[in-house]
Every structure is written in C-alpha cells, then in structure tokens.
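K.L.:
missing the sequence, but the structure's below:
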C-alpha cells in the first residue's frame, strides 16, 4: 500500500529554518504530483506547496510564498519542503500528500494519499 512518511519537524525560533522530508513507497513516485499541507490547532488543512511530476513546476500558498521552497528527488522517492524565515503562525502539523494529476493541487480533498504528519513549532 502507499506510504508517505514525513520527518524533520522540530521546535525552532522565529526567523529560523527547517527542512522537511517525505519519503514515498508503494507508488511510482515520478507519476505523482506531491503537495505539502499544514493544519494548526482548531483550523482547517491549509495548502502550502506543490510540485509537478518532474519538479519543474511549483505552486505555493499565499502565506508562504517567498519563504518556503518545495523540491523533489525522483530517484529517492522523496519530496522536500525548505522553510526559511519561520514565523509563529507557521506552527502546525505538516503533511505531505500525493495525487496523480496537477489540477486542483491546492485542494486537500483532491489528494488520495497522505502521510501522518510532522509537528513544526515556531517560538516567538
């Protein structure tokens, strides 16, 4: 079965950086669009970033554009999220997700496969 395993979450100070990783198995990774979402306590799941199957096309949520960078290594079946200039409002559980097509990439319910999440906490 499909498994997505995130790692890299931590407690970091405002202005700091983190790099999240998500390793996929049980699917042909180069055939999937990969996305990152986040969910803060009491809030819905928010789109963070996505990249297409080759990694050459990316999309970002408004709140992270210019600070976060998504990338992927198709040989390692891994997608990354580099997070810079972190703010307390970036505190959330971060999830990676996989879908077969680029359309509706910003909508969580279009992704059939999800990881368990990794906690990112940004202290002020």
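P.N.:
Right, received. Where do you want to start? The model shown is predicted, which means the values in this text are computed figures rather than measured ones.

K.L.:
which ones are touching the residue positioned nearest the centre of the chain?
P.N.:
What sits nearest the mean C-alpha location of the chain, by Cα atoms, centre = their mean, is residue 36, with 2.2 Å. Counting by Cβ atoms under 8 Å, 6 or more residues apart in numbering, residue 36 makes contact with 20, 22, 48-50, 70, 79, 81, 94-97. For every residue, glycine as well, the C-beta is placed using N, CA and C.

K.L.:
okay if I get these as TSV plus pLDDT?
P.N.:
Formatted as TSV, the contacts of residue 36 follow (pLDDT from 0 to 100):
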residue	pLDDT
20	98
22	98
48	98
49	98
50	98
70	98
79	98
81	98
94	98
95	98
96	98
97	98
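
K.L.:
Could you check the pLDDT of the residue nearest to the centre of the chain?
P.N.:
Here, the pLDDT recorded for residue 36 equals 98.

K.L.:
now do residue 17
P.N.:
98.

K.L.:
Tell me who's in contact with it.
P.N.:
The neighbourhood of residue 17, defined by Cβ under 8 Å, 6+ apart, consists of 82-86.

K.L.:
swap the cut-off to 6 Å and go again
P.N.:
Residue 17 is in contact with residue 84, counting by Cβ atoms under 6 Å, 6 or more residues apart in numbering.

K.L.:
ok, back up a step: residues near the closest residue in space to the residue nearest to the centre of the chain that isn't next to it in sequence, how many?
P.N.:
Spatial nearest neighbour of residue 36, excluding adjacent residues (Cβ to Cβ, 6 or more residues apart in numbering): residue 48 at 4.2 Å. For residue 48, the count of nearby residues is 26 (other Cβ atoms under 10 Å).

K.L.:
and what of residue 111?
P.N.:
Using other Cβ under 10 Å, residue 111 has 23 other residues around it.
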